[in-house]
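Enquirer: Pasted the sequence and its predicted model underneath.
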Amino acid sequence: MTKTTPMPQARPESRVAIWLRRGVAALFLVVGLGLAAGGAMLAWVGGSPYYLLAGAAVMASGALIGRGDRRGVTVFAALLVCTTGWAVWEVGFDGWQLLPRLFAPFALGLALLLPAVARGFQRTPDAPRRMGWPAFAGALALALVAGNVLHAAGPEAPAEPSLRRGLADRVPERLAQPLARITREDWPAFGNDQGGTRFSPLADLTSANVGRLEIAWEAETGPDTPGPATALEATPIMVADALYLCDGHNRVLALDAETGRERWRHDMSNGVPPSGKPCRGVAHYRMPDATGACAARIIAASQTPELIALDAGTGEPCAEFGQAGRVDLREGLSAYPKGQYYVSSAPQIIRGKAVVGGGIPDGQFWGGPSGVIRAFDARTGALAWAFDAGVPDRIGAPPAGETYTPSSPNSWAPISADEALGLVYLPMGNATPDNFGGLRRPFDEAVSSAVIALDAETGRLRWRFQATHHDIWDYDTPAQPTLVDMATASGVRPALIQPTKRGEIFVLDRETGQPIKPVTEVPAPQGDIGPGERLSATQPASLDLPALRGASLRESDMWGATPLDQMLCRILFRQSRYEGHLTPITLGKPVLIDPGSVGGVNWGSVSLDAERGIMVANWMRLPDRVELVTRAEANRRKLTLSDGQGPGGDAARPMLNTPYGAYGGLFLSPLGVPCTAPPWGLIAAIDLSSGRLLWSKPLGTARDTGPFGIPSMLPLTVGTPVSGGSVTTRGGLVFVGASMDRTVRALDSATGRELWQARLPGGGNATPMTYRSPASGRQFVVIAAGGKPPLAISLGTKLVAYALPR
């Protein structure tokens, strides 16, 4: 008689283990239910069925786990294998794209390895054997291979506009004639020179020694004052031995260029509290053949807004300028609610005049303040001329009892000038509101979302070039025009480089406005717009240069921190109208605008290596999602006036006095992270001679960002949203902050390789500058560490200077 050995009895499951296993089962059921419900909705609108199937598998696994059935582990292991294959099939081996698809499922699976959970599964003679680790690893390997094969055999990815001219095959040599002859070693204007090249001829800092940079000094511009959160976004100017800058709290400061010691500060408020708008720069003017007080002066705009003139040496108001040093910029404007008109950019000085534009918040109301552009005598403050698009032949102020034309296109971005040609160049916004153009007049259409050249003596329009026709996407021309002398087949021509939010980069003859690089009118999407609206059949494109925007979006490009919010982003994508770049705003259905209203390229503009013909720009890939609604619906949603300064515009866009309102902003997941995959912010270099991309790379790490605005502390390069610009030097370096990770960096301008970085006390969301100090002869690099409230970038009030050790 054969003796049988009884099967060993498992220890009874403890009460704690039972509740833990049931808790894990409940978690699986909840997650699975969410995935299945959302997956059903996504499948209903034509999206991927994966989430529905995955949700069903997770629920089945949870139900089995709750019963103590080890088949629940097998089901979930099979789901992980299938998910891995599906993820690689969709996005290949893109790490940031794989993260939301794989991290959370594998993290969820770790719960099944808890000893208390694993011991709770029934052990009976007829129980199926669980999948062993070797089998699981082999299945994962097969899934990776199969997914990769399917990905390679799948449809070709949409073309990257930044690569439409291909990659440069060599680093440019020094040009026979530089694009600009910049010789000064200070930084006398916002963009260094009147043409905004942001190029410094200094070469003390090179790739060999930039890694030794250290903090030379820090200057405190604060404290903050009561009112809206306001960032320090200024680029200081440097003249003689002093730096001059402004902030969003109505202050102008002068600092010693060697030590950062404060020499003076002036409160421009005149009883007007900060508005929350930034002040990005000031201007310096020296009167010819003058000595004494205010012979050299600083001209800045306050939050009122007023134009202020201060003695460069003492900070005292220049009494002969306007009324006790002030000119009220509200004069001649129609009455407007608080916050609906501001000046954020530095005045531009040309031929003894200070030229200023003004900004009007997006999407608020038709009939708002005029976008008039004015020039004031830099000595007396008297109005020299005004360019009112609605009354283009009137040079002076409007007659008594009248105002400048309301709701005309405005120019809020930095201005450039050519002293020799006697022209001033202004990047133009469109006539508000941005998302409906049915009320715009012919003169609005002529200069909206354009770059224009005005006669510096009379303010009359000399030429115009429109970057976006009948703009209903908030594609203001946001960047300072960059002036260069460009070699062409017909000789050297005076050129203007105009980056745009659309990512298109136009190169024009700055004397005539005619294209130097060809401009092609390409067909634009049409149809399905609200009554009273119209569309342009074509839009201009500069096909001989890269376009700094992302490829056309697909559902698989949707992102999130977890599969759940990624799934919700996919649902939003499928529920939106999207036909690629320039999809029209549509009544009653959300529209994806890509790139969004933050760009492409924004106010950070570009910088040049003027001696090698390299243009450097940081840019973004962040769509907006905007819904046009009827006036009745806008009233029901109580869309009311705001300052319009959120990223992508404020969500509530009342568009009063029009048939519509709008609602929307950046295309974000419920966790507050972008719905599209990173990188969101990049920096790129273009060889202007060949028109090819030299290099492009994500800018910024995930260290100071994360879901719900909580820093992840992960020092991994992700390409964060960016705000601010760069500076390029003869030493072959690019200095840039701009990212969300409170870091300033030095890159090799030829390769993009990072050579140095330093942590900042706040977000470096301003454009750096560099100069040689006359006191020591050292080259300094200075950046404002002020942050950016709309992008949730940590605020600061310090100016930080770096130099090599003595």
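Expert: Received, thanks. From a predicted model like this one, the values you see are computed outputs, not experimental measurements.
Enquirer: Now do the contacts for the residue nearest to Ala551 when sequence neighbours are not counted.
Expert: Computed as CB to CB, 6 or more residues apart in numbering, the closest residue to Ala551 that is not its neighbour in sequence is Pro158, at 4.0 Å. Just so you know, the C-beta spots here come from the backbone N, C-alpha and C atoms, and that holds for glycine as well. Neighbouring residues of Pro158 by CB atoms under 8 Å, 6 or more residues apart in numbering: Ala551, Ser552, Arg554.
Enquirer: What's the ChimeraX line that selects buried ones from those residues?
Expert: Isolation of the buried members of these (16 or more other CB atoms under 10 Å) is achieved in ChimeraX through the command below:
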select :551,552
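Enquirer: which secondary element of the chain has the worst mean pLDDT?
Expert: When the helices and strands of the chain are compared on mean pLDDT, DSSP states H and E, helix 115-118 comes out lowest with a mean of 73.
Enquirer: For Ser696, see how far away Phe667 is.
Expert: Taking CB to CB, to the nearest Å as the criterion, Phe667 is separated from Ser696 by 22 Å.
Enquirer: With Val734 instead?
Expert: 13 Å.
Enquirer: Likewise for Ile472?
Expert: Ile472 is 29 Å from Ser696, by CB to CB.
Enquirer: So for these two, which residue has more residues nearby?
Expert: Neighbour comparison, Ile472 and Ser696: the larger count goes to Ile472, with 28 against 21 (by other CB atoms under 10 Å).
Enquirer: residues in contact with that one?
Expert: With contacts defined as CB under 8 Å, 6+ apart, Ile472 is in contact with Asp434, Asn435, Phe436, Gly437, Glu533, Leu535, Pro584, Ile585.
Enquirer: distance of it from Thr538?
Expert: Taken as CB to CB, the spacing of Ile472 relative to Thr538 amounts to 15 Å.
Enquirer: Same check on Asp455?
Expert: Distance from Asp455 to Thr538, counting by CB to CB: 30 Å.
Enquirer: so what sits against both of Val734 and Ser696?
Expert: Common neighbours of Val734 and Ser696 (criterion: CB under 8 Å, 6+ apart): Ile683, Ala685.
Enquirer: ok, and the closest non-adjacent residue to Ser690?
Expert: With CB to CB, 6+ apart as the criterion, Ser690 has its nearest non-adjacent residue at 5.7 Å, and that residue is Ala168.
Enquirer: Ramachandran coordinates for that neighbour?
Expert: phi -60, psi 140 (degrees, to the nearest 10).
Enquirer: got a list of what it touches?
Expert: With CB under 8 Å, 6+ apart, Ala168 has these contacts: Asp687, Ser690, Arg692, Leu693, Leu694.
Enquirer: is it true that the third one touches Gly166?
Expert: Translated: Arg692. Yes: in this structure, Arg692 sits in contact with Gly166. The criterion is CB atoms under 8 Å, and the distance is 5.5 Å.
Enquirer: okay, those two: which has more neighbours?
Expert: Counted by other CB under 10 Å, Arg692 and Gly166 do not tie: Arg692 has more neighbours, with 20 against 11.
Enquirer: Tell me the confidence at that one?
Expert: Arg692 is assigned a predicted lDDT (pLDDT) of 97.
Enquirer: Can you report how many residues neighbour the nearest residue to Asp256 once chain neighbours are set aside?
Expert: Of all residues beyond its chain neighbours, the one nearest Asp256 is Arg263 (6.1 Å), with distances taken as CB to CB, 6+ apart. The burial count assigned to Arg263 is 16, neighbours taken as other CB under 10 Å.
Enquirer: got it, and the one 10 residues further on?
Expert: Counted by other CB under 10 Å, the residues lying close to Pro273 total 14.
Enquirer: same question, Ala400
Expert: For Ala400, which is what you asked about, the neighbour count (other CB under 10 Å) is 5.
Enquirer: Would you double-check that it falls in a strand?
Expert: No: residue state for Ala400 (DSSP: H, G, I helix; E, B strand; the rest coil) corresponds to coil; a strand is not indicated.
Enquirer: now the helix or strand harbouring Tyr425: mean pLDDT?
Expert: In this structure, Tyr425 sits in strand 423-427 according to DSSP states H and E. Per-region confidence: strand 423-427 scores 98 on mean pLDDT.
Enquirer: in the helix or strand following that strand, what counts as buried?
Expert: In the C-terminal direction, the helix or strand that comes right after strand 423-427 (DSSP H and E) is helix 442-447. In terms of neighbour count (16+ other CB under 10 Å), helix 442-447 has its buried residues at Phe443, Asp444, Glu445, Ala446, Val447.
Enquirer: residues touching the third one, list them.
Expert: With contacts defined as CB under 8 Å, 6+ apart, Glu445 is in contact with Gly437, His469, His470.
Enquirer: could you measure it against Ser408, distance?
Expert: Going from Glu445 to Ser408 by CB to CB gives 11 Å.
Enquirer: what's the spacing between the closest residue to Gly550 other than its chain neighbours and Asp328?
Expert: In this structure, Gly550 finds its nearest non-sequential neighbour in Arg621, 3.8 Å apart by CB to CB, 6+ apart. Taking CB to CB as the criterion, Arg621 is separated from Asp328 by 41 Å.
Enquirer: Which one of those two is surrounded by more residues?
Expert: It is Arg621, of Arg621 and Asp328, that has more neighbours when counted by other CB under 10 Å, with 28 against 15.
Enquirer: how near is that one to Ser407?
Expert: Using CB to CB, one gets 31 Å for the distance from Arg621 to Ser407.
Enquirer: Equivalent analysis for Met59, please.
Expert: Counting by CB to CB, the gap from Met59 to Ser407 is 56 Å.
Enquirer: Same drill for the two, tell me which one is more crowded.
Expert: When Met59 is set against Ser407 and neighbours are counted by other CB under 10 Å, the residue ahead is Ser407, at 23 against 20.
Enquirer: show me what contacts that one?
Expert: Ser407 sits next to Trp366, Gly367, Gly368, Pro369, Ser370, Gly371, Ala431, Thr432, Asp444 when contact means CB under 8 Å, 6+ apart.
Enquirer: Just the buried residues from the residues you listed, in ChimeraX please.
Expert: To isolate the buried ones among the contacts of Ser407 in ChimeraX, judged by 16+ other CB under 10 Å, type:
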select :366,368,369,370,371,431,432,444
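Enquirer: Wait, Leu733 touches Asp204, no?
Expert: No: with contact taken as CB under 8 Å, Leu733 and Asp204 are classed as non-touching, separated by 10.4 Å.
Enquirer: When those two are compared, which one has more neighbours?
Expert: A count of neighbours by other CB under 10 Å puts Leu733 above the other of Leu733 and Asp204, at 27 against 18.
Enquirer: Please name the bridge partners of the more buried one.
Expert: Partner residues in beta bridges with Leu733: Asp748, with DSSP bridges as the criterion.
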